[in-house]
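Q: Got a predicted structure here, sequence first:
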Amino acid sequence: MRILITGGAGFIGSHLCDHFLARGDEVIAMDNFLTGSPDNIAHLQKHPRFKFIRQDVTEFIRVDGYLDAVLHFASPASPRSYIAYPIQTLKVGALGTHKACGLARGKGARFLLASTSEVYGDPLVHPQREDYWGNVNPIGPRGVYDEAKRFAEAMTLAYRRAHNVDTRIVRIFNTYGPRNALDDGRVVPNFVAQALRGEPLTVHGDGAQTRSFTYVSDLVDGIARLLASSEAEPVNIGNPNEMTILTFAEKINAITGNSAGIIYQPRGVDDPNRRCPDISKARRVLGWEPKVSLDAGLEETIAYFAAKLKK
Ligand code: UDP
C-alpha cells in the first residue's frame, strides 16, 4: 500500500510509519512540527520507501501519485499542548480533516481518522461504549480539542455519506510509550521524568480520577486491524485496566525506587473524573485486545525516558 500519515512525526504517527514500513508499505509522512519532532523520524530519513513532507495540513494538500490510504493523525493531543495551541487545534481538526478527506476522495483512498476518548468529555456513562454521545463542555479549555475531534468525526462521516469515501474512525484512549514527548505535560512522561530525577510526583487534585493506559504497540496493532476491516463506525482502542492517578503515581515511585513521594497540585478545568474504554466492539469486529501489561510497557518507557534525560 501507499499510505499518507498526517502527523507522521508525532508520537503515534511515527510508530505508525514504522509499522507500515516494516510490513512493506510505502509511507509518506506529513508534519509541521508544531508538536511532532524530527527526532521521531530521524531513523527513517534514508529508508527507500519513506518520504517526508513538511506541511501544515490545514493548507491545501498536494501529493503526487496514487494513495491507498490517508491516516489523519495531525493534532496537538496532550492537554498542555492543545491548551497552548487552541486555534491550531481547532483548525487541524476542522480544516485539516476537510483537506485530508478531500485528498482521500481525490485519490480514491481509504480514510482513517484518529479520534479520541475526549469525544466523551467528562463521561457520565462508565465504561465508555461507542454509542455514548458524551458530556463535553464546548467553551472550556479542553473544548478546543474535544469539539475539533467531534467535528472531525462528523466531517469523516459526511464524506462517507456524500462522497462514498471509505472511512474508519478510531477513538484512542490514553496511550504511552517511547517517543511520547517528555515535556507534553501528560501524566506518564511527567511522573516518569519526575521519578527519574528523584523529585516528588505532581498529582492533580486528590488523584482519585481514573485513567487506563495503552502501550503504543497495542494501539498500532488496533489501528492496523481497523484500517484492514470494513468497520465504518467509531471503534474504541484502549486498555480497560482502569486505575486512579494516585495508584499510578505510587506504582511509578515503587518501580523507579523514587523516595521523594507525592505532592498535590490543583486539578485542571474539566479534567475527566473517570475514563475507561469498553472494548467489546474492538474484540468483536477486529479480534483485538491489548497484549502488553502495564509493567512491561512501563519498563520500555522508563528506559526510553532515562536515555533521553541523560542527553
Ligand atoms: N495528571 C496528574 N499529574 C500530572 C499530569 C497529569 O495528576 O503531572 C493527571 C491529570 O489531571 C489527569 C490524568 O493525570 O487526571 C491524565 O492526564 P493527561 O494529561 O495524561 O491526559 P488526559 O487523560 O487528561 O487527556
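A: Yep, that arrived.

Q: just checking, residue 216 touches residue 174?
A: No - here residue 216 does not reach residue 174: they are 11.0 Å apart, not a contact under Cβ atoms under 8 Å. In short, each C-beta sits where N, CA and C put it, glycine included.

Q: Wasn't residue 28 part of a strand?
A: Yes - assessed with DSSP: H, G, I helix; E, B strand; the rest coil, residue 28 lies in a strand.

Q: Could you check how far it is from residue 46?
A: Distance of residue 28 to residue 46, given as Cβ to Cβ, to the nearest Å: 15 Å.

Q: again with residue 262
A: 44 Å.

Q: Those two - which one has more neighbours?
A: residue 262 (17 against 7; other Cβ atoms under 10 Å).

Q: still on that earlier bit, so for residue 216 and residue 174, which residue has more residues nearby?
A: Neighbour comparison, residue 216 and residue 174: the larger count goes to residue 216, with 22 against 19 (by other Cβ under 10 Å).

Q: Could you pull up the residues touching that one?
A: Taking Cβ atoms under 8 Å, 6 or more residues apart in numbering, we find residue 216 in contact with 11-12, 15, 175-180.

Q: Based on its surroundings, how many neighbours for the nearest residue in space to it that is not next to it in sequence?
A: Nearest non-adjacent residue to residue 216, counting by Cβ to Cβ, 6 or more residues apart in numbering: residue 177, 3.3 Å away. By the criterion of other Cβ under 10 Å, residue 177 has 23 neighbours.

Q: Residues of the stretch 51-200 of the chain that sit close to the ligand?
A: Listed as neighbours of the ligand in the stretch 51-200 of the chain under the rule Cβ under 6 Å from any ligand atom: 78-79, 174, 185-187, 190.

Q: Next, check those residues against the helices and list the overlap.
A: Residues of these located in helices (DSSP state H): 79, 187, 190.

Q: What confidence value was assigned to the last one?
A: By that I understand residue 190. For residue 190, the model assigns a pLDDT of 98.

Q: What of the first one?
A: Looking at residue 79, its pLDDT stands at 96.

Q: who touches it in this structure?
A: 141-142, 145, 185-186, 268, 271.

Q: Tell me the one of the residues you listed nearest residue 238?
A: Ranked by distance to residue 238 (Cβ to Cβ), those are led by residue 186 at 14.6 Å.

Q: Nice, that's everything, thank you.
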